[in-house]
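[1] Need the 3D shape of this:
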Amino acid sequence: MQHLKLSWEERVESLKAGLLSAGSAALIFPLIALLNDFLVSRYPSVSMNYWISGAIALFAGFLFGVTYRYIIREDENSHLKSGAVLAFGLVRGLAQVEMGIANQSAVIPIVSYAVESILLFAIARLVLDWGMSLGWIQRFKG
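    Residues are numbered from 1 along each chain as shown. As a prediction, this is how the structure comes out:
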């Protein structure tokens, strides 16, 4: 098995991708959370601590950005890009679904939180693709 040694330039590009993705998550999370609360306000649901959820979204956004850069490399495969969004969105969203089921919440808020997660990473993907198209972030060449 060949060991891949990353250069400092590659690490910096990954850091930039992570920060851009985390920034998009930090900006969009409050809007999505407010919309989500509006949509599910008539259903009893798990109370949400926005600071903790926001911090988790920020961290997940950072990890998504770093990972997304490595996943897509120099490939223009839309299935690969969408798969990355769904993988991250479903992992975060299904964890929220599991927590909602454990707390016996109504179904609509549970589904709403899962959709929120997918939307969060879809927007981060668009921001990352935009950043790469402008040359702010270089694609992984490994």
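[2] what helices or strands is the helix or strand containing Leu126 leaning on?
    Using DSSP states H and E, Leu126 falls within helix 107-133. With contacts taken as 3 or more CB pairs under 8 Å, 6 or more residues apart in numbering; DSSP states H and E, helix 107-133 sits against helix 8-39, helix 50-72, helix 78-102. For every residue, glycine as well, the C-beta is placed using N, CA and C.
[3] Trp130: which of these is closest?
    The stretch from those with the least distance to Trp130 (CB to CB) is helix 8-39; that distance is 9.1 Å.
[4] mind listing what's buried in the closest one?
    Neighbour-count burial for helix 8-39, with 16 or more other CB atoms under 10 Å as criterion, is recorded at 10, 13-14, 16-18, 20-25, 28-29, 32-33, 36.
[5] still on that earlier bit, averaged pLDDT, the helix holding Leu126. What do you get?
    Rounded to a whole number, the mean pLDDT of helix 107-133 is 88.
[6] Could you list the buried residues of it?
    With burial defined by 16+ other CB under 10 Å, the residues of helix 107-133 counted as buried are 109-110, 112-114, 116-125, 127-128, 131-132.
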